[in-house]
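> coordinates only, no sequence provided:
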């Protein structure tokens with residue numbers, strides 16, 4: 001069935017369904033490289049973004065969260081793409097309430113707004129209803145306060161963000177997290193778009209940990225990811 005215009009489809013949670021696949025092993029490699037990427041500072045909060053749409057940032061966010069959880073870390077996956085969220089549908093979770101509600105209700109505690117997933121140790125905060133002002137909400141003091149509470153309750157927090165070259169949301173959070181991963185896709189991402197994305201993240205003083213290269217063909221197998 002062909003994808004309808006503006007239809008949001010679930011991403012493939014291969015790390016949860018095929019523990020022995022090449023793709024799952026590549027996600028484990030990314031996890032390991034993140035863990036060793038900083039000798040002086042623990043990487044607890046991660047922004048995952050791309051230069052443009054359909055490059056694999058939501059697939060990377062979800063599967064990376066799964067392999068961190070499989071390694072024993074208490075993980076929170078946050079759908080911070082308040083414009084085109086996909087985490088709820090990918091994990092088959094309700095999205096009546098989520099991050100947008102938490103941001104607009106200053107009295108609420110975060111434990112009311114995340115849900116246990118089908119993966120042990122992995123919790124999910126869906127996006128919630130689409131707000132009219134995503135950038136303002138993500139750039140608020142309320143968001144910073146929420147992130148501080150998340151740090152206390154979880155070992156790893158992964159923020160699935162919109163493309164950085166499209167809107168400012170990823171820049172805003174990248175400035176306040178421990179690391180950022182940029183996802184690019186073979187035969188789709190243009191070199192000039194990667195350069196622009198890096199410039200935008202550098203302007204925000206983001207700690208760019210590396211690039212996840214998506215869609216690389218190896219023989220007859222499907223595309224896979226690796227950390228560079």
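Sure, I can see it. Quantities reported herein were computed from a predicted structural model and do not represent experimental measurements.

> okay, and the beta partners of the most centrally placed residue in the chain?
Taking Cα atoms, centre = their mean, the centroid of the chain lies closest to residue 160, which sits 2.6 Å from it. As for beta bridges, residue 160 partners with residue 48, residue 79 under DSSP bridges.

> so it makes contact with residue 46?
No - using Cβ atoms under 8 Å, residue 160 is not in contact with residue 46; the gap is 9.7 Å. Just so you know, the C-beta spots here come from the backbone N, C-alpha and C atoms, and that holds for glycine as well.

> got the contact list for residue 34?
For residue 34, the contact set (Cβ atoms under 8 Å, 6 or more residues apart in numbering) comprises 43, 46, 179, 181, 209, 227.

> where along the protein do the strands fall?
45-50, 75-79, 115-116, 122-125, 156-160, 179-185, 208-218, 221-227 (DSSP state E).

> how about these, which one is nearest residue 134?
Between residue 134 and those, the shortest gap by Cβ to Cβ is with strand 75-79, which sits at 11.6 Å.

> who does that closest one touch, helix- and strand-wise?
Packing contacts for strand 75-79, counted by 3 or more Cβ pairs under 8 Å, 6 or more residues apart in numbering; DSSP states H and E, involve helix 57-70, helix 87-91, strand 122-125, helix 141-153, strand 156-160.

> which stretches of this structure have low pLDDT?
The model of the chain has pLDDT under 70 over residues 1-6, 39, 217-228.

> contacting residues around the residue nearest to the centre of the chain?
Taking Cβ under 8 Å, 6+ apart, we find residue 160 in contact with 48, 57, 58, 61, 62, 77, 78, 79, 80, 81, 86, 87.
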